[in-house]
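In: Just a sequence and a predicted model for now, questions to come.
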Amino acid sequence: MKIIFEKSNGIDGINLTDEKIDINFIPQSFLREEKIGLPQLSELEVMRHYKELSDQNFCIEEGFYPLGSCTMKYNPKVNELLASLDDFNIHPLSEEDLAQGALKLMYNLQNALLEVTGMDAITLQPSAGAHGEMTGMMIIKKYFDTLGENRKKVIIPDSAHGTNPASAKMCGFDIVEIKSNEKGQVDIEALKAVLDNDVAAIMMTNPNTLGIFEEQVEEISKIMHDNGSLLYYDGANFNAIMGYTNPKLMGFDVVHLNLHKTFATPHGGGGPGAGPVGVVEKLKDYLPTPTIEYDKQTDTYYRNYNIKHSIGSVKDFYGNFSVLVKAYAYILMMGKNLKHASENAVLNANYLKEKLKGHYDLPYDEPCMHEFVLSGEKQKHESGVSTLNIAKALMDGNTHPPTVYFPLIVHEAIMIEPTESEQKERMDEFVDTMIQIAKDAKENPEKVLNAPHTTPVKKIDEVTAARHPDLKYTN
Ligand SMILES: *Cc1c(COP(=O)(O)O)cnc(C)c1O
């Protein structure tokens, strides 16, 4: 396909020349001498160009999108509409009395998120999951600094998302990795073996990135607290547990959520996102400023900058407000049905797991939560078809590939998260495609090795693309 400069045919879509703008105040030496060289096309041709571009892309509105760990659920369009209302388009420095509606929305959202997490206080400021992790780890660091305890280590299971060790490291902690047991869960003995007075915290994901619920989480919480350490909950996988349990009940002290996964903003679109961080009572005085609060006497909402040990601001103003509006609208719309979203997400994942486990390796054959992890090892061994080839072949089946090669502890990992949005018919189509690919891998491996065959861009040379990226347009 051509880029818009190549399509330019000299027809003015819009005429700017009627507006006579006085440019005399600009010194002559700064004025352009040649024409600016923008593409010229009619409005209709511009529309066609962008439609053609968007058709090159794959989206949930087009087909199944089981991108594990990313929770690519369907996000109702009404939330986008609400977030774009003019009334929410206010300046972040507006006087409080002119911004009561926006402040109230954030206050109510804080309360709703406190309800689902069980936590005691929360900040909406961080703008992504990883940013929430960093905020949480800064809080933990400052907490121990204030106590005068110099705890340098953070324990992280080997199944964790890569952002966990990165966030802890950025806050100055040393990372201690512990192995998972044969059930894909934290190995308590391995945990005890590395525990000492230098340990500030453990960062856990529950359900973990294998989609498995950590059954011993309460015991882990007791062990950590007895050691004077804290527990951090990576809540990016919150879609699995809403309304059934919460990190507070499991014994965690700090939690981040990904609003751009669980709460109505798509993940992976390049942002904006939101990663609110909730904490237990004793960490409340460390939250970033401002938090949004309510004064009952005057019935007004206000920004509180007066937080005793605050780590400071982690982002300008209040975070990504439009994402907060979407999350609030989604929560109001769902009400108690949030619970059913989790219920169906878990049911769908277990359905797919049972249907597929006869055709692909399933390294951890446990009941799963919202996602599960297959392995393409059998195919790789038998016919040289790798997980990457399987992922590409799925694109021919009108499916976005699942997350692959993560978590790192599973070889040739294929991580599938159907979400609650999908109906049985769609999942059955996906199962048929996966089974067909397993069959092709055996009988006609060339077909899978050369996939995809039907996409706008066919099989690409990923090594060259990564090593020698050609990012400059040359005519
Ligand atoms: C997505 C995810 C993150 C990071 O979230 P971002 O918003 O992409 O920074 C962290 N942990 C887990 C388990 C995740 O799935």
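Out: Happy to help now that I have it. In this text, all values refer to a predicted model and were calculated from it rather than measured experimentally.

In: contacting residues around residue 430?
Out: 64, 66, 352, 397, 399, 418 (C-beta atoms under 8 Å, 6 or more residues apart in numbering). Glycine gets a C-beta too; all of them are placed from N, C-alpha and C.

In: 6 Å instead, please
Out: residue 64 (C-beta atoms under 6 Å, 6 or more residues apart in numbering).

In: Secondary structure element holding it?
Out: If you go by DSSP states H and E, residue 430 is part of helix 424-443.

In: Buried residues, that helix. List them.
Out: Neighbour-count burial for helix 424-443, counted by 16 or more other C-beta atoms under 10 Å, picks out 426, 427, 429, 430, 431, 433, 434, 437, 438, 440, 441.

In: Distance check, the last one against the ligand.
Out: Distance, residue 441 to the ligand, by C-beta to the nearest ligand atom, to the nearest Å: 28 Å.

In: Can you tell me, leaving aside adjacent residues, what's nearest to that residue?
Out: residue 385 (4.1 Å; C-beta to C-beta, 6 or more residues apart in numbering).

In: so the one you found touches residue 448, yeah?
Out: Yes: counting by C-beta atoms under 6 Å, residue 448 is a contact partner of residue 385 at 4.8 Å.

In: what do these two both touch?
Out: Contacts common to residue 385 and residue 448, judged by C-beta under 6 Å, 6+ apart, are residue 441.

In: which residues touch the residue nearest to residue 208 when sequence neighbours are not counted?
Out: What sits nearest to residue 208 in space, not counting adjacent residues and going by C-beta to C-beta, 6+ apart, is residue 159, at 5.0 Å. Counting by C-beta under 6 Å, 6+ apart, residue 159 touches 180, 208, 209, 210, 407, 409.

In: What are the buried residues along stretch 336-350?
Out: For stretch 336-350, by 16+ other C-beta under 10 Å, it's 338, 341, 342, 343, 344, 345, 346, 348, 349, 350.

In: residue contacts, whichever residue of the stretch 51-200 of the chain sits closest to the ligand?
Out: Residue of the stretch 51-200 of the chain nearest the ligand, by C-beta to the nearest ligand atom: residue 129 (2.2 Å). For residue 129, the contacting residues are 236, 258, 275, by C-beta under 6 Å, 6+ apart.

In: Need the contact partners of stretch 260-277.
Out: 70-71, 75, 79, 113, 122-124, 126-129, 131-132, 135-136, 236, 238-239, 256-259, 319-320, 323, 326-327, 330.

In: For the closest residue to the ligand within the stretch 201-350 of the chain, list the residues it contacts.
Out: Of all residues in the stretch 201-350 of the chain, residue 236 sits closest to the ligand, at 3.2 Å by C-beta to the nearest ligand atom. Contact analysis of residue 236 by C-beta under 6 Å, 6+ apart lists 129, 258, 261.

In: re earlier: looking at the contacts of residue 159, which has the most residues close by?
Out: Counting by other C-beta atoms under 10 Å, residue 209 has the largest number of neighbours within these, with 28 neighbours.

In: how about the nearest residue to that one, chain neighbours excluded?
Out: residue 407 (4.4 Å).

In: Residue 339 too?
Out: That would be residue 243: by C-beta to C-beta, 6+ apart, it lies 3.1 Å from residue 339.

In: Can you list the low-confidence ranges for the chain?
Out: 15-19, 269, 475 (pLDDT under 70).

In: residues in the stretch 1-150 of the chain within reach of the ligand, list them.
Out: For the stretch 1-150 of the chain, the residues in contact with the ligand (C-beta under 6 Å from any ligand atom) are 69, 128, 129, 130.

In: What degree of burial does the last one show, as a neighbour count?
Out: Using other C-beta under 10 Å, residue 130 has 22 other residues around it.

In: before we move on, what about residue 33?
Out: Residue 33, neighbours per other C-beta under 10 Å, totals 4.

In: Residue 134 too?
Out: 23.

In: Where does it sit: helix, strand or coil?
Out: Here residue 134 is recorded as helix under DSSP: H, G, I helix; E, B strand; the rest coil.

In: Excluding chain neighbours, what is closest to it?
Out: Per C-beta to C-beta, 6+ apart, closest to residue 134 is residue 167, 4.5 Å.

In: in a helix, that's where the one you found is, yeah?
Out: Yes: assessed by three-state DSSP, residue 167 belongs to a helix.

In: Now distance to residue 103 and secondary structure too, for the contacts of residue 236, in TSV please.
Out: Shown next, in TSV, are those (distance: C-beta to C-beta, whole Å; DSSP: H, G, I helix; E, B strand; the rest coil):
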residue	distance to residue 103	secondary structure
129	25	helix
258	23	coil
261	25	helix
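
In: Turn the residues you listed into a markdown table, columns for distance to residue 469.
Out: Output for the contacts of residue 236, formatted as a markdown table (distance: C-beta to C-beta, whole Å):
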| residue | distance to residue 469 |
| --- | --- |
| 129 | 26 |
| 258 | 29 |
| 261 | 28 |
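
In: Now do the SS call for the residue nearest to residue 339.
Out: When the rule is three-state DSSP, residue 243 gets the label coil.

In: count of neighbours near it?
Out: There are 16 residues near residue 243, going by other C-beta under 10 Å.

In: Distance check, it against residue 341.
Out: Applying C-beta to C-beta, to the nearest Å, the value for residue 243 to residue 341 is 9 Å.

In: Find the residues that touch each one of these two.
Out: Joint contacts of residue 243 and residue 341 (C-beta under 6 Å, 6+ apart) do not exist.

In: buried residues in the helix or strand that contains residue 381?
Out: If you go by DSSP H and E, residue 381 is part of helix 377-383. Using 16+ other C-beta under 10 Å as the test for burial, helix 377-383 gives 377, 378, 379, 380, 383.

In: Among the residues you listed, give me the pair with the biggest separation.
Out: The most widely separated members of the buried residues of helix 377-383 are 377 and 383, with 11.8 Å between them, by C-beta to C-beta.

In: picking up where we left off before, output the buried residues of stretch 336-350 in JSON lines, with secondary structure and distance to residue 231 appended to each entry.
Out: Formatted as JSON lines, these follow (DSSP: H, G, I helix; E, B strand; the rest coil; distance: C-beta to C-beta, whole Å):
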{"residue": "338", "secondary structure": "helix", "distance to residue 231": "24"}
{"residue": "341", "secondary structure": "helix", "distance to residue 231": "25"}
{"residue": "342", "secondary structure": "helix", "distance to residue 231": "21"}
{"residue": "343", "secondary structure": "helix", "distance to residue 231": "26"}
{"residue": "344", "secondary structure": "helix", "distance to residue 231": "29"}
{"residue": "345", "secondary structure": "helix", "distance to residue 231": "24"}
{"residue": "346", "secondary structure": "helix", "distance to residue 231": "23"}
{"residue": "348", "secondary structure": "helix", "distance to residue 231": "29"}
{"residue": "349", "secondary structure": "helix", "distance to residue 231": "25"}
{"residue": "350", "secondary structure": "helix", "distance to residue 231": "27"}
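
In: For residue 47, state which of the contacts of residue 236 is nearest.
Out: residue 261 (31.8 Å).

In: And the strands in this structure, which stretches?
Out: Secondary structure of the chain by DSSP state E: the strands cover 121-123, 153-157, 174-178, 199-205, 230-235, 254-257, 277-279, 291-295, 300-304, 372-375, 403-404, 413-416.

In: out of those, which comes closest to residue 391?
Out: strand 403-404 (5.0 Å).
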